[in-house]
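Visitor: Just to be clear, the model below is a prediction. Sequence and coordinates:
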Amino acid sequence: MPTITSPSNPKIKQLRALRQRKQRDATGLFLVEGIYHVGEAVAAGAGVEYICYAPDLLSSSFARELVAQQTALGVPCHATTPQIFASLAEKENPQGILAVVRKRQLTLERLTPESFPWGVALVAPQDPGNVGAILRSIDAVGASGLLLLDSSVDPYHPGAVRASMGALFWFPVVAAPFADFAQWARRRGYHIYGASAHGSADYRSMTHYQFPGILLLGSEREGLSAEQAAVCDHLIRLPMKGRVSSLNLAVAAGILLYAMAESVG
């Protein structure tokens, strides 16, 4: 394929447009930037639609081999000038490779205790970076995936994709209304552990977690409402000894996930 040199090329226009959620929602596509992230998308068998790269910026032999392998497999790989690529990249000193990937369409009903023995559910999260970081912790502890409840955050936002460090491609991420989640969890026999500053049990006193299980966390600002807390089998808290009243959502999730992991055989 000839090198793309024009900023008005249709592929370049689409790449720019995919920075916006409206276009991601309309097309079912999202952007993946960087050598590691594109490599993880390919390794996970994600639906890579095409790759855009700048040969003059690719100093990594792994990245060059990745482009060659994907080209051989029939994935369109479009070369650009460094100037065109720099206009697309979010970061300074870009690594020279981007991929356009198709979103996975998953529903709660496809998740069972066998395929999804334990995971995290977030109620109305606001920060894409927290969503990505929690996915990374899910990967670290060997949990099953992430549920986004009553959520307006886009898990395919570039910040979420970047923060997940590739975990987004390996784990299910399902959006659903909270009411549907509550019915699904009850019907499937999940034990729900809610994180709350008003929880009756210090998380360190929990010596055993029952599975299938869900760690349920409220929004960054509001925490769990009384209605949401009511669906939990246990409400657990993280002790706060200093002046701050709460931890960052991703930090809290990471601590509690590692505590739950101790009960996984």
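Guide: Thanks, I have the structure now.
Visitor: what helices or strands is the helix or strand bottoming out on mean pLDDT in the chain leaning on?
Guide: Within the chain, no helix or strand scores below strand 201-202, which has a mean of 88 by mean pLDDT, DSSP states H and E. Using 3 or more Cβ pairs under 8 Å, 6 or more residues apart in numbering; DSSP states H and E as the contact test, the elements touching strand 201-202 are strand 234-237. All C-beta atoms are positioned from the backbone trio N, CA, C, and that covers glycine.
Visitor: tell me what the strand it packs on is packed against?
Guide: strand 191-195, strand 201-202.
Visitor: What pairs with the longest one, parallel or antiparallel?
Guide: So the one you mean is strand 191-195. strand 213-217 (parallel), strand 234-237 (parallel) (DSSP bridges).
Visitor: can you give me the helices for this protein?
Guide: For the chain, the helices defined by DSSP state H cover 10-17, 21-27, 35-43, 61-72, 82-88, 128-141, 158-164, 178-188, 226-229, 249-261.
Visitor: closest to residue 195 out of the ones you listed?
Guide: helix 249-261 (5.9 Å; Cβ to Cβ).
Visitor: I'd like the distance from the closest one to the chain centre, please.
Guide: 16 Å (Cα atoms, centre = their mean, to the nearest Å).
Visitor: Can you show me the CA trace of it as CSV?
Guide: The C-alpha trace of helix 249-261 is given here as CSV (Å, rounded to 0.1, in the frame of the first residue of the first chain):
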residue,chain,number,x,y,z
LEU,A,249,-11.5,3.7,43.6
ALA,A,250,-8.9,1.7,41.7
VAL,A,251,-6.7,1.6,44.9
ALA,A,252,-9.6,0.4,47.0
ALA,A,253,-10.5,-2.2,44.4
GLY,A,254,-6.9,-3.5,44.2
ILE,A,255,-6.7,-4.0,48.0
LEU,A,256,-10.0,-5.8,48.2
LEU,A,257,-9.3,-8.0,45.2
TYR,A,258,-6.1,-9.2,46.7
ALA,A,259,-8.0,-10.0,50.0
MET,A,260,-10.6,-12.0,48.0
ALA,A,261,-7.9,-13.8,46.0
